[in-house]
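> What shape does this take:
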Amino acid sequence: MTTNPTSTTPAARAGRREWTALGVLMLPLLLVSMDVSVLYFAVPSISADLEPSGTQQLWIFDIYAFVLAGLLMTMGSLGDRVGHRRLLLIGALAFGTASLAAAYAGSAEMLIAARAVLGIGGATLMPSTMAMLRTMFTDPAQRAKAIGLWSGVMTAGIALGSVMSGVLVEYFWWGSVFLVNLPAMALLLLLGPLLLPESKNPAPGRFDLLSVPLSMAAVLPVIYGLKEIPSEGWNVRYVVSITVGLLFAALFVHRQRTAAAPMISPALFRGRGFAPSVALNLVSAFGIMGSAYFTTQYLQSVLGKSALEAALWALLPSVPIGAAAPVATQLVQKGVSRAQVVTAGFVIAAAGFGLLALAGPDSMALVLAACAVLAVGGVVVMSQIMDLAMGTAPLERAGSASSLMETGAEFGGALGMAVLGSIGTAIYHHEIPASAPEAARETLGGALAIADRAPGLATAAREAFTSGMQGAAIAGAVILAGAAVLAAVTLRRVEVREQTCETPDEPSKLSPSGV
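Numbering: from 1, shown residues only. Alright, predicted model coming up:
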C-alpha cells in the first residue's frame with residue numbers, strides 16, 4: 001500500500017482519440033528500439049564505402065546505445081519540467097534530421113556524429129512515450145493494456161531492426177536503413193500536436209545541471225565495461241571503467257538525496273513497489289539480453305546460417321510475444337495477484353533457460369523454442385512491472401520514473417551479456433582442446449576462421465561453444481528462479497493506487513523547503 005494520496009473518483013476512460021494517439025506513439029518507439037540493431041547487416045557496406053578505422057567502426061555501431069543510455073535519466077527529468085509532448089516533438093525533429101544526415105554521411109566521422117544525435121533523440125523519445133501513455137490512460141485497466149503494447153513493441157523492435165537492415169541492404173544502399181525513420185517522425189510531428197496532451201510538473205524547481213554529467217559519468221563507464229567484457233574478458237581496463245562508474249553512481253545518488261531540486265526525486269522510491277520494479281525489470285533484461293548473446297552466435301556460427309537467415313529464423317520466437325502481455329494483463333484484471341503473475345513470468349523465463357541448457361550443436365528447433373519461452377516470460381514480467389512502476393509514480397514524475405526503468409533495463413541487458421557471456425567463454429576455454437591454435441582457443445569465430453587448416457577443429461569448437469551456452473543457460477535459470485522468489489516476496493503486499501500529486505504531509509522534494 002503506498003503512502004501517497006490516491007484519487008477518490010473513477011478515472012476517465014480513454015476513447016478513440018487516445019488509442020489513435022497511442023498508435024502514433026508506437027511508431028517512433030518501434031524505430032528507436034530498431035536502431036539498436038539496425039546496423040547488424042549494414043556495417044560491411046558502410047565499411048566498404050566510408051573505409052572507417054577499426055575504432056571508428058566500433059563507434060559507428062556502439063555510440064547510439066551509449067548516448068541513449070547515458071541521457072535517459074536527464075531527458076526523463078527534463079520532460080517532467082518542460083512538458084513531455086514538447087520534448088517528444090523536439091526529439092522527433094532531432095531524430096529525423098539525424099537520420100537524414102546518417103543516410104547521406106560522406107565520412108565515418110559524420111556518421112558517428114549523426115548516430116550520436118540519433119541517441120540524443122532516442123533518449124527524449126523513450127521516456128516521453130511512456131510518460132504520455134501514463135497521462136492519456138488514467139484508467140488502470142486501459143493503462144495496463146497500453147503498457148503491454150508498449151512492452152511488446154519495444155521487444156519486437158530490436159528483433160525487427162536486424163531483419164529490416166538485411167532486407168534493405170540487400171536491395172538498396174546502406175543509407176536506406178536510416179531513411180525509413182523519416183515517415184514515422186514526420187507523422188509524429190504532424191499528428192502529435194493534435195492528438196497528444198501536454199503534461200509536466202507544475203512546480204518543478206530549478207533543473208539540477210550538475211546531475212547531468214554525474215548521471216552520464218555513472219552510466220557510461222559501467223555500460224562500456226559490461227559490454228566489452230564478454231568479448232575481451234575481465235581486462236583491468238574494463239574493471240576500472242566499471243569501478244569508476246560505480247563511484248560516480250554513489251556521487252549521483254548522494255546529489256539526489258541532498259539537492260534542493262534533484263534530477264531524480266528520492267520521493268519516487270517511497271512509493272511501495274517502485275524500487276522492486278526497477279530491480280526486477282533489470283533482472284528481466286538480464287535474462288533476455290544474456291540469452292541473445294548466445295543464440296545469435298549459435299544460429300550463425302554453430303549452425304552455419306547466413307546473417308540474414310539467422311535474423312529471419314530469430315523472428316520466430318517473437319511471434320508469441322504479442323500475446324504474452326495481453327494475457328498477463330487479463331489475468332491481473334480477473335483477480336490473479338500481480339505478484340503471482342510476475343513470479344510466473346520469471347518461472348517461464350527460467351524454463352526457457354532450462355530448455356536452452358538441453359540444446360546440442362544441431363538443436364535449432366529447441367533453441368528457437370527456448371528463446372520463445374524466455375521472451376514470453378520476460379515480456380510478462382516487463383509489462384506488469386512497468387505498469388506497477390508507472391501506477392506508483394505521481395503523474396508529475398512520470399518521465400523520471402520511466403527513465404529509471406529504462407536505464408535499469410540498459411544496465412540489466414549489459415550485465416546479462418557480461419556475466420553469462422563470461423561464463424560461456426570460460427567453459428569454452430576449458431572445453432576446447434589444448435592443442436588447438438591460440439586463435440581457436442579464444443573464440444568460436446577464431447576457430448572457424450582457421451578450421452580449414454586443422455581437421456576436426458570446427459566440430460570441436462562448435463561443441464565447446466555449445467557447452468558454454470549450456471553452462472550459461474543453467475546459471476541464467478538459477479538467477480531467474482531467484483528473481484521469481486524475490487518477486488513473490490517483495491510484491492506480495494503491493495497494491496497500486498493512482499498517484500496524482502506529492503504527499504501533502506511531507507515537504508515537496510522539488511522545492512528548497514524540502515531539503
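
> for stretch 131-148, the distance to its chain's centre please.
20 Å (C-alpha atoms, centre = their mean, to the nearest Å).

> again, but for stretch 424-439
Relative to its parent chain, stretch 424-439 has a centroid offset of 32 Å by C-alpha atoms, centre = their mean.

> go on, stretch 273-288?
Between the mean C-alpha point of stretch 273-288 and the mean C-alpha point of its chain there is a distance of 11 Å (C-alpha atoms, centre = their mean).

> in the stretch 251-400 of the chain, which spans are helices?
For the stretch 251-400 of the chain, applying DSSP state H, counting those that start in this stretch gives helices covering 274-297, 307-315, 321-333, 338-356, 364-392, 398-431.

> Would you mind giving these as JSON lines with mean pLDDT added?
As requested, the helices of the stretch 251-400 of the chain are arranged in JSON lines below (pLDDT from 0 to 100):
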{"stretch": "helix 274-297", "mean pLDDT": "83"}
{"stretch": "helix 307-315", "mean pLDDT": "75"}
{"stretch": "helix 321-333", "mean pLDDT": "78"}
{"stretch": "helix 338-356", "mean pLDDT": "92"}
{"stretch": "helix 364-392", "mean pLDDT": "86"}
{"stretch": "helix 398-431", "mean pLDDT": "81"}
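
> Of those helices, which is nearest residue 169?
Nearest to residue 169, of all those, is helix 307-315, at 8.9 Å by C-beta to C-beta. From N, CA and C alone the C-beta is placed, and that goes for glycine too.

> Now do that closest one against helix 364-392: the angle between them, please.
Angular relation of helix 307-315 and helix 364-392 on a 0 to 180 degree scale: 60 degrees, by axes from the mean of the first three to the mean of the last three C-alpha atoms, to 10 degrees.

> re the thing from before, please dump the helices of the stretch 251-400 of the chain into TSV; it should also carry distance to residue 461 and mean neighbour count for every row.
Rendered in TSV, the data for the helices of the stretch 251-400 of the chain read as follows (distance: least, C-beta to C-beta, whole Å; neighbours: other C-beta atoms under 10 Å):
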stretch	distance to residue 461	mean neighbour count
helix 274-297	11	24
helix 307-315	18	18
helix 321-333	32	19
helix 338-356	19	23
helix 364-392	17	25
helix 398-431	8	24
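
> and residue 471, how many neighbours?
The local packing count at residue 471 equals 19, with neighbours defined by other C-beta atoms under 10 Å.

> where's it, which helix or strand?
Secondary structure assignment for residue 471, by DSSP states H and E: helix 457-490.

> one step back: how about the helices of the stretch 251-400 of the chain in a markdown table, adding distance to residue 133?
Below are these laid out as a markdown table (distance: least, C-beta to C-beta, whole Å):
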| stretch | distance to residue 133 |
| --- | --- |
| helix 274-297 | 16 |
| helix 307-315 | 26 |
| helix 321-333 | 13 |
| helix 338-356 | 18 |
| helix 364-392 | 8 |
| helix 398-431 | 9 |
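
> among these, which is nearest residue 137?
Distances from residue 137 to each of those were compared using C-beta to C-beta; the minimum, 9.5 Å, belongs to helix 364-392.

> between that closest one and helix 321-333, how many degrees?
Computed with the same axes, to 10 degrees, the direction of helix 364-392 lies at 40 degrees from that of helix 321-333.

> what packs against helix 364-392?
Counting contacts by 3 or more C-beta pairs under 8 Å, 6 or more residues apart in numbering; DSSP states H and E, the secondary-structure elements packed against helix 364-392 are helix 108-136, helix 140-171, helix 274-297, helix 307-315, helix 321-333, helix 338-356, helix 398-431, helix 457-490.

> quick one: buried residues of the helix holding residue 471?
In terms of neighbour count (16 or more other C-beta atoms under 10 Å), helix 457-490 has its buried residues at 457-458, 460-473, 475-477, 479-481, 483-484, 486-488, 490.

> One more: stretch 62-79?
Using 16+ other C-beta under 10 Å as the burial criterion, the residues of stretch 62-79 that qualify are 62-79.

> can you check stretch 95-108 too?
When burial is assessed from 16+ other C-beta under 10 Å, stretch 95-108 yields the following buried residues: 95, 96, 97, 98, 99, 100, 101, 102, 103, 105, 108.

> Same list (those residues) but as CSV, adding pLDDT.
Output for the buried residues of stretch 95-108, formatted as CSV (pLDDT from 0 to 100):
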residue, pLDDT
95, 87
96, 87
97, 91
98, 90
99, 89
100, 91
101, 92
102, 89
103, 88
105, 87
108, 84
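
> closest to residue 190 among those?
For those, with residue 190 as the reference and C-beta to C-beta as the criterion, the closest is residue 96, at 11.6 Å.

> hang on, the earlier thing: in a markdown table, list the helices and strands packed on helix 364-392 along with distance to residue 391.
As requested, the helices and strands packed on helix 364-392 are exported to a markdown table (distance: least, C-beta to C-beta, whole Å):
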| stretch | distance to residue 391 |
| --- | --- |
| helix 108-136 | 8 |
| helix 140-171 | 7 |
| helix 274-297 | 10 |
| helix 307-315 | 32 |
| helix 321-333 | 11 |
| helix 338-356 | 10 |
| helix 398-431 | 10 |
| helix 457-490 | 16 |
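
> To residue 182, which of these lies closest?
Nearest of the helices and strands packed on helix 364-392 (C-beta to C-beta): helix 108-136, 12.4 Å.

> what sits against residue 459?
By C-beta atoms under 8 Å, 6 or more residues apart in numbering, residue 459 lies in contact with residue 361.

> what about it, distance to residue 444?
Using C-beta to C-beta, to the nearest Å, one gets 12 Å for the distance from residue 459 to residue 444.

> ditto for residue 365
Between residue 365 and residue 444 the computed distance is 21 Å (C-beta to C-beta).

> now residue 296
Applying C-beta to C-beta, the value for residue 296 to residue 444 is 12 Å.

> Tell me which of the helices of the stretch 251-400 of the chain sits nearest to residue 199.
In terms of C-beta to C-beta, the element of the helices of the stretch 251-400 of the chain nearest to residue 199 is helix 398-431, at 7.2 Å.

> Contacts for the helix or strand following that closest one, please.
Using DSSP H and E, the helix or strand that follows helix 398-431 in sequence is helix 438-442. Outside helix 438-442, the residues within contact range by C-beta under 8 Å, 6+ apart are 429, 432, 434, 446, 447, 449, 450, 451, 454, 457, 461.

> Not counting its neighbours along the chain, what's nearest the second one?
Spelled out, that is residue 432. Counting by C-beta to C-beta, 6 or more residues apart in numbering, the nearest residue to residue 432 once its immediate chain neighbours are dropped is residue 464, at 4.4 Å.
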